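Chemist: Kindly generate the corresponding structure for this input.
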Amino acid sequence: MNDVSENTYLENINKAKTTDELKKIEIELLGRNGVINNLLKKIKDIPPDQKREYGQKVNSLKKKIEEKIEEKKQILKKNSTKSFFDKTLPGKTYPKGSLHPLTYIIEEIAEIFSSLGFIRVSYPEVEWEYFSFEALNMPKGHPARDDFETFFIDFPENKQYGKMVLSPHTSSGQNREMKRTTPPIRMINIAKTYRPNWDTTHTPMFHQFEGLCIDKNINITHLKGTINYFVKKFFGPKRTIRLRPAHFQFTEPSFEIDVSCGVCGGTGEINNKKCKVCKSGWLELAGAGMVHPNVLKAGGIDVNKYSGWAFGFGPERCMMMREEMAIDDIRILYSGDIRFLENF
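Modeler: Numbering: from 1, shown residues only. Predicted coordinates:
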């Protein structure tokens with residue numbers, strides 16, 4: 001045992017780059033068969049008058065080694081907590097989400113009508129009775145209002161506008177748009193609407209998109225041409241439409257819009273059997289019609305100069321009527337089922 005050996009031991013400890021290396025050196029120096037124990041075993045061969053001095057030197061070396069090892073442990077521990085960034089490594093791949101399938105449908109619908117010059121607008125989902133009913137030719141007490149199962153808000157009634165409601169349809173935006181701007185008007189309003197229904201084709205909250213066109217000399221052919229364009233763009237060039245007479249209080253004349261079934265090709269039959277989807281070759285798609293003169297007047301429009309048409313579609317219904325979607329229950333759109341959402 002000499003100063004050279006002591007320096008070598010301490011230098012080896014200092015050179016350790018990992019805790020595993022340091023552990024190995026610690027065993028070599030302080031282990032059962034390590035350097036210190038072997039030096040202590042030799043004490044029996046040391047002359048009696050030198051044993052005391054020899055023992056003190058061995059213990060002194062042991063203490064220095066233990067202190068140096070502990071010091072090195074702290075250094076290695078501190079260095080291991082420092083973050084290391086290698087900019088040459090490829091980036092980490094994280095799971096990617098996506099937009100809700102209905103969002104894709106709404107954006108696609110908006111883009112189709114934008115190409116026709118329609119401006120997308122947004123109006124309140126929490127609305128007054130006046131805009132949802134009176135402004136649409138449904139005064140208080142009118143039986144047509146019974147057809148709307150409405151969510152009423154617990155809020156003080158307004159003398160001019162009535163009670164506050166969750167908007168039962170996007171048509172409430174018609175009056176607001178007429179008062180906001182002047183003809184020509186080409187509006188598309190896509191928003192959430194609310195009615196207390198719950199079954200395979202209805203949910204308490206659903207979406208509608210409202211189309212409104214007001215200008216001079218507007219007639220039904222413009223309405224039919226616009227909807228036919230939308231259907232072919234959205235469902236495909238082979239799909240066709242028909243207008244079926246109906247009644248809506250805010251349009252006159254009014255129509256139900258049917259689209260040919262994409263499963264049977266509009267024939268109503270598959271392999272000489274009635275189509276299970278449509279039963280007749282047609283699927284009901286939306287409601288539409290020429291804007292009632294009373295609605296135009298409520299919006300401040302001169303009915304002697306202008307006319308217009310309007311329609312109301314359900315994006316969820318449009319989505320379900322795409323045969324490739326294979327959706328038979330609208331409620332799955334709002335279930336949050338990851339197995340369904342992962343398909344998009």
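Chemist: Put the alpha carbons of the strand or helix carrying Lys41 into PDB.
Modeler: Taking DSSP states H and E as the definition, one finds Lys41 inside helix 35-41. Output in PDB follows, covering the C-alpha atoms of helix 35-41 (Å, rounded to 0.1, in the frame of the first residue of the first chain):
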ATOM      1  CA  VAL A  35      -8.700  -4.400  -1.900                       C
ATOM      2  CA  ILE A  36      -9.500  -3.000   1.600                       C
ATOM      3  CA  ASN A  37     -10.400  -6.400   3.100                       C
ATOM      4  CA  ASN A  38      -7.300  -8.000   1.600                       C
ATOM      5  CA  LEU A  39      -5.100  -5.200   3.100                       C
ATOM      6  CA  LEU A  40      -6.700  -5.900   6.500                       C
ATOM      7  CA  LYS A  41      -6.100  -9.600   6.200                       C
END
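Chemist: Remind me what it packs against, helices and strands.
Modeler: helix 19-30, helix 48-80 (3 or more CB pairs under 8 Å, 6 or more residues apart in numbering; DSSP states H and E). C-beta: built from backbone N, CA, C; applies to glycine.
Chemist: now, of those, which is deepest in the fold?
Modeler: Mean neighbour count (mean count of other CB atoms under 10 Å) peaks for helix 19-30 among the helices and strands packed on helix 35-41, with a mean of 15.
Chemist: Can you get me a residue count around the closest residue to His202 other than its chain neighbours?
Modeler: Ranked by CB to CB, 6 or more residues apart in numbering and with sequence neighbours excluded, the top spatial neighbour of His202 is Ile330, at 6.9 Å. The number of residues packed near Ile330 is 19, by other CB atoms under 10 Å.
Chemist: Ile330 contacts Cys318, doesn't it?
Modeler: No - using CB atoms under 8 Å, Ile330 is not in contact with Cys318; the gap is 11.4 Å.
Chemist: pLDDT weak spots in the chain?
Modeler: For the chain, residues meeting the criterion pLDDT under 70 lie at 1-4, 80-85, 147, 200-201, 277, 323-326, 328.
Chemist: Show me the contact partners of stretch 170-185.
Modeler: With contacts defined as CB atoms under 8 Å, 6 or more residues apart in numbering, stretch 170-185 is touched by 121, 123-124, 127, 131-132, 135-136, 187, 189-191, 193, 208-210, 212-216, 250, 291, 295-296, 298-301, 306, 308, 310, 312.
Chemist: run the last query once more with 6 Å
Modeler: Under the criterion CB atoms under 6 Å, 6 or more residues apart in numbering, residues 123, 127, 131-132, 135-136, 187, 189, 191, 208, 210, 212, 214-215, 298-301, 306 lie in contact with stretch 170-185.
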